[in-house]
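Got a sequence here, can you build the structure:
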Amino acid sequence: MRTQLKSLLTGAVLLLSAGLPGLAADLDRDLDAIVAVVNEDVITRSELDQEMAIILVQLRDRGTALPPRAVIERQVLERMIGKRLQLQTAERLGIQADDATLGRAIDSIAAKNHMSLTQLRDTLEREGLNFAKFRENTRNQILLARLQAQEVINRITVTDQEVELFLHRGQGPLSGRDAVHLQHILIATPDGATPEVIQRARDKVERVLQQLKDGVDFAQVALVHSDGRQALEGGDLGWMKLSQVPTLAAEAARTLQPGGISEPIRSASGFHIFRVAEVKGEERQVITQTHARHILIKTNELVSDQDAQTRLEQLRIRLVGGEGFGALARSHSDDTASAIKGGDLGWVNPGDTVPAFEEQMASLAPREISKPFHSPFGWHLVQVLGRREHDNTEDMLKGKARDSIRARKAEEATDLWLRRLRDESYVEIRLGRGEG
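Numbering: from 1, shown residues only. Take a look at the predicted model:
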């Protein structure tokens, strides 16, 4: 577990440290060699060296054969420039991550690793990571997530027609393959590239493809040649549901056998090569649905928690005495949507309700009425009317399809947005030419 935590925390540092020079770098900044100018900011040699140290450890841990240092440096510097541009944009747009949000995020990291905050701090210190820097790294991660959500993700819509067309074309799990482990190489071309530039990129991608056909390790080739965001991970896109595969890779993901490599695919961003590393099959989803009805009493300035609980206790006595649940729900429930149906919620899927409500339903036998209990919505009485096993595969597939389309659009829109952000910014790379 300690190894997993180290990997998680090291990854967080890698993603965000572009905007977080260490204390020594801050003190010596004026004397430090500059490797890149990013608008009004600079990236220094010491900052790049810090990132390189992290990356080299990760590559060695993965057993990746290391290309020349200059190749890795260029990849790392490009990632740092991208992060720095995004942080500058977030600051310009006034996007913030307050201390309360930051605290919740760090508490969540500790909880996921089954640690207290003190244990997390101690573990970080043992791994050589300063806790104050870790906090700032986490804050920047929140900033980047909020920035991309505001500028890209929240603007994406998915229609029912897109979902139906997606499933009809067999782009999702209906094709018989549920998940794929993909690798990716991108040979990028800039916006407005001339025919000569495009031809050079086409020639390069053909040389790269030939290396792969000759048996050269895909991760090694990606590390050396790919312009993709996962180049430093050997082009590894990880496991994803077939319904979440980017549009460009959909055909390869559906048809290639494990180990198969696609022909070059042209897009606005350049030429892509995909490799299917592994595949998984699909299983049908059968869930237990619960038919329930409830009475809700909301609290406010005039109705306290005690008042609500007392009212429900009195109603429960009347229900146990034989009065009709539907009539009392229509007369007393503050859930107007269900009250007109006698409190009936219909067949409820796992996860449809808040945890407190779901736990109460799970504890009841059919026809049994709960005692008053509290949820974020107020105080409830709930009665379970029945349970059934339901094949939820069709709904699951539609949900996956919707998620997939959204993920594809988000990936493509984010790539274009990042390229536009880079094109509209002043970036001067001084790496390897004096670094003055």
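
Now do the helices in the stretch 301-436 of the chain.
Ranges of helices in the stretch 301-436 of the chain, per DSSP state H, counting those that start in this stretch, are 305-320, 325-332, 336-339, 355-363, 393-423.

Remind me which helix or strand the nearest residue to L182 once chain neighbours are set aside belongs to.
For L182, ignoring the flanking residues on the chain, the nearest one in space by C-beta to C-beta, 6 or more residues apart in numbering is L237 at 4.3 Å. To be clear about C-beta, it is placed using only N, CA and C from the backbone, and glycine gets the same treatment. If you go by DSSP states H and E, L237 is part of strand 236-241.

Quickly note the distance from the closest residue to P376 other than its chain neighbours to Q244.
Nearest in space to P376, with sequence neighbours left out and distances taken as C-beta to C-beta, 6+ apart, is V354 at 5.9 Å. For V354, the distance to Q244 equals 27 Å [C-beta to C-beta, to the nearest Å].

Settle it for me: which of the two has more neighbours?
Between V354 and Q244, Q244 has the larger neighbour count (other C-beta atoms under 10 Å), namely 20 against 11.

so for stretch 181-198, what's the average pLDDT?
Averaged across stretch 181-198, pLDDT comes to 92.

Show me how far it is from its chain's centre.
Centroid separation for stretch 181-198 versus its chain: 25 Å, with C-alpha atoms, centre = their mean, to the nearest Å.

Determine the number of other residues adjacent to the nearest residue to L312 once chain neighbours are set aside.
Distances taken as C-beta to C-beta, 6+ apart put P372 closest to L312, at 3.9 Å, once the chain neighbours are dropped. Residue neighbour count, defined by other C-beta under 10 Å, stands at 20 for P372.

Looking at P372 now. What's its pLDDT?
At P372, the model reports a pLDDT of 96.

quick one: it from L345, how far?
17 Å.

and if you look at A149?
The value you get for A149 to L345, if C-beta to C-beta is used, is 31 Å.

Give me the secondary structure label for M115.
Secondary structure, DSSP: H, G, I helix; E, B strand; the rest coil: M115 is coil.

what's near enough to touch the closest residue to I369 other than its chain neighbours?
Excluding its sequence neighbours, the residue lying closest to I369 (C-beta to C-beta, 6+ apart) is Q383, at 4.7 Å. Neighbouring residues of Q383 by C-beta atoms under 8 Å, 6 or more residues apart in numbering: 292-294, 319, 325, 364, 367-370.

for this protein, which spans come out with low pLDDT?
Applying pLDDT under 70 to the chain picks out residues 1-31, 170-176, 282-284, 433-436.

Where do the domain boundaries of it fall?
2-151, 161-283+395-427, 286-390 (automatic domain parsing).

Out of those, which is the most enclosed?
Neighbour counts (mean count of other C-beta atoms under 10 Å) averaged over each of those peak at domain 161-283+395-427, with a mean of 17.

Next, the distance between the ends of that domain.
Domain 161-283+395-427 has an end-to-end distance of 42 Å (C-alpha to C-alpha, to the nearest Å).

Could you check how far that domain is from the centre of its chain?
17 Å.

mind checking which of the helices of the stretch 301-436 of the chain is nearest V286?
helix 393-423 (8.0 Å; C-beta to C-beta).

Could you report the separation of P372 from A339?
Between P372 and A339 the distance is 17 Å, computed by C-beta to C-beta.

do A193 as well
For A193 relative to A339 (C-beta to C-beta), the value is 62 Å.
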